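Trainee: Output the structure for:
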Amino acid sequence: MIRWPSLVKLDGDDELIYVASENDFQAECSDMIVGEDDYLIDSEGDSYALQSSSNQLSLAKRTDQYSVESVTKLIRNHEFQKAEVCLMKIHFLTIEEAIQSLAFEPR
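Mentor: Take a look at the predicted model:
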């Protein structure tokens, strides 16, 4: 079961997409061309492959589990590309807290 909020990581891109719920996921990502290495990380660190069929996105559980450190690294890479935040100041106690930090970014 996916625990929201979550983030979407697209293959080959440091940009992350924050999704607060299943409905947000469908709204934000339904028009994307999904690659086989695109995935979602939920608030517990579980990951899910993005799969597209019949104009509907679905999520399939992957074996990869992400730690707060690995999610923090993804967020640092995401912030580095924008060059707006001191990366050394980015620290989180939980994966959910890390993902929530993306909620306030303009889309």
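
Trainee: pLDDT (mean, whole number) over the helix or strand residue 28 falls within?
Mentor: When elements are assigned from DSSP states H and E, residue 28 belongs to helix 22-29. Mean pLDDT, taken over the full extent of helix 22-29, equals 92.

Trainee: Residue 45 contacts residue 72, correct?
Mentor: No. Here residue 45 lies out of contact with residue 72, judged by C-beta atoms under 8 Å, at a distance of 11.4 Å. For every residue, glycine as well, the C-beta is placed using N, CA and C.

Trainee: Name the surrounding residues that touch whichever helix or strand comes after the helix holding residue 28.
Mentor: On the C-terminal side of helix 22-29, the closest following helix or strand by DSSP H and E is strand 39-41. With C-beta atoms under 8 Å, 6 or more residues apart in numbering as the test, strand 39-41 has contacts from 2, 6-9, 19, 25, 47-50, 59, 62, 64, 66, 71, 74, 95, 99.

Trainee: Kind regards, and thank you for your time.
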